[in-house]
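Novice: My questions concern the predicted model and sequence given below.
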Number of protein chains: 2
Amino acid sequence: MMSRAEAEKLDAADPLAKFRAAFDLPAGVLYLDGNSLGAPPKRALQRLHQTAEREWGSGLIRSWNDAGWIDLPKSCGAKIARLIGARADEVIVADSVSVNLFKLAAALLDARPGAIAVDESEFPTDGYVMEGLARLTGAALVRLKAGETLPAKTRVLVRSLVDYKTGAVADMHATEKEAKAAGAAVIWDLSHATGLIAIDAKRDAIKYAVGCGYKFLNGGPGAPAFLYVAGEEAARLNQPLSGWMGHAAPFDFAPDYRPAEGAARFSSGTPPILSLAALDAALDVFAAIDVKAIEAKARALGDLFLARASSLGLRTISPPVGARRGGHVSLIHENGYAVVQALIARAVIGDFRAPDLMRFGFSPLFLSYTDVFDAAEALADVLTTEEWRDPRFARRGVVT
Amino acid sequence: MMSRAEAEKLDAADPLAKFRAAFDLPAGVLYLDGNSLGAPPKRALQRLHQTAEREWGSGLIRSWNDAGWIDLPKSCGAKIARLIGARADEVIVADSVSVNLFKLAAALLDARPGAIAVDESEFPTDGYVMEGLARLTGAALVRLKAGETLPAKTRVLVRSLVDYKTGAVADMHATEKEAKAAGAAVIWDLSHATGLIAIDAKRDAIKYAVGCGYKFLNGGPGAPAFLYVAGEEAARLNQPLSGWMGHAAPFDFAPDYRPAEGAARFSSGTPPILSLAALDAALDVFAAIDVKAIEAKARALGDLFLARASSLGLRTISPPVGARRGGHVSLIHENGYAVVQALIARAVIGDFRAPDLMRFGFSPLFLSYTDVFDAAEALADVLTTEEWRDPRFARRGVVT
């Protein structure tokens, strides 16, 4: 277990420490929920102000060209591409993760029909959307139990790189190999991984992925999502949400759809520019950073927290100290709801997932080792004083 | 033809004149493109600032509940419902027009298979998306020529209430009647109509509609779109983009999809909150206004402009002076691109649609009769002086 002095020493030597200044966080808050919603980068707030007041307010319709709004899905995509080892034109920003998953899976089934497979433990929306696609197309949907082999005739496998509950990191290489053997394509959900886990799409021969913009990318609440498709695959894929923004020449107003080159064909309708501009600026924080350094620090922060939690007798469903892990850990406590509320009352913000999981995220760009040390001490204090038993922390009604 | 003094008199008696103060428009600009992108309501800019700085910046993840983010798709929907004569729970704000059209048409085909029909002259993305749906489901797609009868076995007809080129208003009653006779459901695209044309969904027995938030609703560039489904129909419709936000209990993280009640089942992924908050505030401008007054003024402004254009020898493809019309008119000029550029150089902003259409919109909440009079005089001046022949207004490259 680490002392506060040791945490301070790590902070002093931390090459990422300087990025804390790039964020606008309320004083006194220890924010351990950047895995749900990243904190606002100062430049995202500034950009939003500029886009609203100057571009919308003064530029009006002219800003689609003059301020480059029309290019944002591609330019944002190029910035995300760098973070996952993809080519600039292989990533487009559009819609939500749910909608992008639908587009990509539908396009793959269109090219070659077959079954869809989703792990039972997958983030729910991924399964829900595949349910909808299966119903519409008549494709079979298989919900895989842990460790279950991929059934023959599977065409599409949807899998998260980082599990939203445990923080476990899937084995990309093994998954791709198994899928290939079964004749299936893997669509990676990188929502909990992008900007946190070092991904090299080219090296690992990853062909398809989606992910969100509002977790470790800090793009703002409900920030638009992204979609990655390897260049050699895009040309033969037809996605069904073929709106005008994915047309090769949207402003020709031609009667028939003709898809754009590359990932751009996965755009659909007019994108939400205010949200997109905030994401675009948030991505610039990553411009000079190697994601490997982020992953390493996230793991060290998680280790620090897990070691202290273990000393308190708390069990975890997350990979243990020393193991590879995403940016969050989940601890088990039967009164987890009340404990998380008691922590929030102390301005230590994590989240709770029914029935008994307390989830804490470690965004390495705005959290220091001392922050996480202090948060762990707050947790220790809430538990040893049994402060969580205070009736104001009791669970009432529906918990979101 | 009207004199400026007459225009001033109309302004003095205009009950909508006071709403000009609710908008932030650059000084000296005559903005005749609110039909493409509405001008910013001051309260939308203020709200955006609040949502970014206070809710995201200070509230962080807590704002999903504390600032009501989670309710925005419904609360925005309820505000739009009032403008189209629908019940509060019959409208949801989500995604784009393209994506919403897909969801609604797919759900209708799921309930009862058949062909999809779209007018040849329809706004392109509506046809493109139906192409995508037809390909995915095997449904037939019929592109209707002007005046062509609806083929038997049509299940879904997509039609704009206001034509994006001409501004002509479709006959809702006749369209619904024809569709009913053919056994088809009409999905109305209200993009150019909402907040401009008085619509009474209940009186006219309209059951399905979509529309955008960024034209006459002034919700901001690429503002989220809406979807309307009559209450008695929603319960039997299954839409395929069944993401967690359309689940009856999204935060139960249940393995299987169970749709929410009402239009809310047409939500998909996490919505872009920054863009949604701006739209929500923009809609409050309409709180005390009867859309009938807006429609009447838009028509009067269009009449004023058309009369002057006619005196200049310009032809139009729009409904003539005195006829029912949406919020814009299109004039024909073989050098339309240069004329529009010359007007923009004079801070009179309209838009150009190839090959020869100059399009001008009349947003009644921020334009006065004198504004439109002055814009028409500027057009007269550009034409009589042949100012548009200046080489700097010549067409270069791709025009968007």
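Specialist: Now that the structure is in, tell me what you want to look at.
Novice: secondary structure element for the residue in the stretch 151-300 of chain A positioned nearest to chain B?
Specialist: As assessed by CB to the nearest CB, chain B sits closest to residue A:269 within the stretch 151-300 of chain A, at 2.5 Å. To be clear about C-beta, it is placed using only N, CA and C from the backbone, and glycine gets the same treatment. Residue A:269 belongs to no helix or strand when assigned by DSSP states H and E.
Novice: Can you give me the pLDDT of it?
Specialist: Looking at residue A:269, its pLDDT stands at 97.
Novice: swap in residue A:109?
Specialist: For residue A:109, pLDDT reads 97.
Novice: Thought residue A:155 was touching it, still the case?
Specialist: Yes: using CB atoms under 8 Å, residue A:109 is in contact with residue A:155, at 6.0 Å.
Novice: Which neighbours do those two have in common?
Specialist: The contact sets of residue A:109 and residue A:155 overlap at A:116, A:139 (CB atoms under 8 Å, 6 or more residues apart in numbering or on different chains).
Novice: can you give me the helices for the stretch 101-250 of chain A?
Specialist: Taking DSSP state H, counting those that start in this stretch, the helices of the stretch 101-250 of chain A run over residues A:124-137, A:172-182, A:231-234.
Novice: what do you get for the stretch 301-400 of chain A?
Specialist: According to DSSP H, counting those that start in this stretch, the helices that the stretch 301-400 of chain A contains are A:336-345, A:369-384.
Novice: These: which one's closest to residue A:3?
Specialist: Nearest to residue A:3, of all the helices of the stretch 301-400 of chain A, is helix A:369-384, at 8.3 Å by CB to CB.
Novice: tell me the mean pLDDT for that closest one?
Specialist: Rounded mean pLDDT across helix A:369-384 is 98.
Novice: Is chain B within reach of it?
Specialist: No: in terms of CB under 8 Å from any CB of the partner chain, no part of helix A:369-384 sits within range of chain B; the closest distance is 14.3 Å.
Novice: can you check stretch A:74-93 too?
Specialist: No: using CB under 8 Å from any CB, stretch A:74-93 never reaches chain B; the gap is at least 11.1 Å.
Novice: end-to-end on that stretch?
Specialist: With CA to CA, to the nearest Å as the measure, stretch A:74-93 spans 7 Å from end to end.
Novice: Burial check on residue A:82, number of neighbours?
Specialist: 15 (other CB atoms under 10 Å in any protein chain shown).
Novice: and what of residue A:231?
Specialist: Neighbourhood size, residue A:231 [other CB under 10 Å]: 14.
Novice: go on, residue A:21?
Specialist: Around residue A:21 there are 9 residues (other CB under 10 Å).
Novice: Distance check, it against residue A:258.
Specialist: 47 Å (CB to CB, to the nearest Å).
Novice: Residue A:356 now?
Specialist: Where residue A:258 is concerned, residue A:356 sits at a distance of 53 Å (CB to CB).
Novice: Please identify which of those two sits among more neighbours.
Specialist: residue A:356 (16 against 13).
Novice: Just confirm the more buried one contacts residue A:332, I think it does.
Specialist: Yes: taking contacts as CB under 8 Å, residue A:356 lies within contact range of residue A:332: 5.4 Å.
Novice: if you skip the residues just before and after it, what's nearest to residue A:4?
Specialist: residue A:373 (5.5 Å; CB to CB, 6 or more residues apart in numbering or on different chains).
Novice: who are the neighbours in contact with that neighbour?
Specialist: Residue A:373 neighbours (CB under 8 Å, 6+ apart): A:2, A:4, A:7, A:304, A:308.
Novice: want to throw the residues you listed into CSV with neighbour count and pLDDT?
Specialist: Listed next are the contacts of residue A:373 as CSV, based on neighbours: other CB atoms under 10 Å in any protein chain shown; pLDDT from 0 to 100:
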residue, neighbour count, pLDDT
A:2, 18, 92
A:4, 12, 98
A:7, 20, 98
A:304, 23, 98
A:308, 19, 98
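Novice: and the gap between residue A:321 and chain B?
Specialist: 26 Å (CB to the nearest CB, to the nearest Å).
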